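*Asks:* Return a 3D structure for these sequence lines:
(chains A and B)
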Amino acid sequence: QQQVKQSPQSLIVQKGGISIINCAYENTAFDYFPWYQQFPGKGPALLIAIRPDVSEKKEGRFTISFNKSAKQFSLHIMDSQPGDSATYFCAASSPFSGAGSYQLTFGKGTKLSVIP
Amino acid sequence: EAGVTQFPSHSVIEKGQTVTLRCDPISGHDNLYWYRRVMGKEIKFLLHFVKESKQDESGMPNNRFLAERTGGTYSTLKVQPAELEDSGVYFCASSQDIGDRFYYGYTFGSGTRLTVV
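*Replies:* So this is what the prediction gives:
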């Protein structure tokens, strides 16, 4: 049972366009929702994160929108650039996730390609 | 600050052989995690160390996997004997303390790509 569903699987966006990646979760105990960015040959790196007490968080060109009632959250990349081409993972964790480990539950990832 | 270091970066072994993956966390990070991504699937939690103790090993797939963390520093993940379905990318991550997750998240290593043939 996949607890965090991510879509689309792949995304091609023109340079300067808006990239939108969506995630939906089931576990209402999740209280932390990070997005990770991964370049080929590298590990995932924290991009931006949100807690469910806010509906939106913006850092530069990256924005998380959070809809608690719908149990959905999304990543928006404004003015997408070729350097943004990477795989993006949404994730969630709960203080009750496994013996206090705050383990992350990841989506399957979205491969973003920004074409010039 | 040096990041999380994993080696080898790639390993190709035959079914039935043993492989040991190593992770060196960021110095001073008490929390160390192992995750795995099987091709086309999500990154999945394997286990969590706090210093040298296993806090949570609920994600370990079976008893062919053995993780250790010597003296609360580096960690090893041994797969013995390896099966075809063990192929994937194994990530290690570390964090200073649980409270960090709200502000810094984990720091992941670059991973070890394991191929079992």
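*Asks:* which bits of chain A sit near chain B?
*Replies:* Proximity of chain A to chain B, by C-beta under 8 Å from any C-beta of the partner chain, involves residues A:2, A:4, A:32, A:34, A:36, A:41-46, A:49, A:51, A:89, A:91, A:93, A:98-109. In short, each C-beta sits where N, CA and C put it, glycine included.
*Asks:* Show me just the buried residues among the residues you listed.
*Replies:* When the residues of chain A next to chain B are checked for burial by 16 or more other C-beta atoms under 10 Å in any protein chain shown, the buried set is A:4, A:32, A:34, A:36, A:43-44, A:46, A:49, A:89, A:91, A:93, A:98, A:101-109.
*Asks:* where do the helices sit along chain B?
*Replies:* Under the criterion DSSP state H, chain B carries no helices.
*Asks:* what residue ranges in chain A score low on pLDDT?
*Replies:* Counting by pLDDT under 70, chain A shows low-confidence ranges at A:1-2, A:96-101.
*Asks:* So what sits opposite the residue nearest the centre of it in the bridge?
*Replies:* Nearest to the geometric centre of chain A sits A:Cys90, at 3.1 Å (C-alpha atoms, centre = their mean). In this entry, A:Cys90 is beta-bridged to A:Trp35, by DSSP bridges.
*Asks:* distance of it from A:Tyr102?
*Replies:* Distance, A:Cys90 to A:Tyr102, by C-beta to C-beta, to the nearest Å: 16 Å.
*Asks:* just B:Leu47 next, same as before
*Replies:* Look at B:Leu47 and A:Tyr102: by C-beta to C-beta, they are 13 Å apart.
*Asks:* now do B:Glu52
*Replies:* B:Glu52 is 19 Å from A:Tyr102, where distance means C-beta to C-beta.
*Asks:* just A:His76 next, same as before
*Replies:* Using C-beta to C-beta, we find A:His76 at a distance of 26 Å from A:Tyr102.
*Asks:* Touching, B:Gln80 and B:Gly16? I think so.
*Replies:* No: taking contacts as C-beta atoms under 8 Å, B:Gln80 lies outside contact range of B:Gly16: 9.2 Å.
*Asks:* Pick out whichever of these two has more residues nearby.
*Replies:* Ranked by neighbour count (other C-beta atoms under 10 Å in any protein chain shown), B:Gln80 and B:Gly16 place B:Gln80 first, with 13 against 10.
*Asks:* Which residues are in contact with the more buried one?
*Replies:* By C-beta atoms under 8 Å, 6 or more residues apart in numbering or on different chains, the contact list for B:Gln80 reads B:18-19, B:64, B:66.
*Asks:* filter these to the buried ones?
*Replies:* Neighbour-count burial (16+ other C-beta under 10 Å) applied to the contacts of B:Gln80 gives B:Val19.
*Asks:* Which one of the contacts of B:Gln80 is nearest to chain A?
*Replies:* Distance to chain A, by C-beta to the nearest C-beta, is smallest for B:Leu66 among the contacts of B:Gln80, at 18.1 Å.
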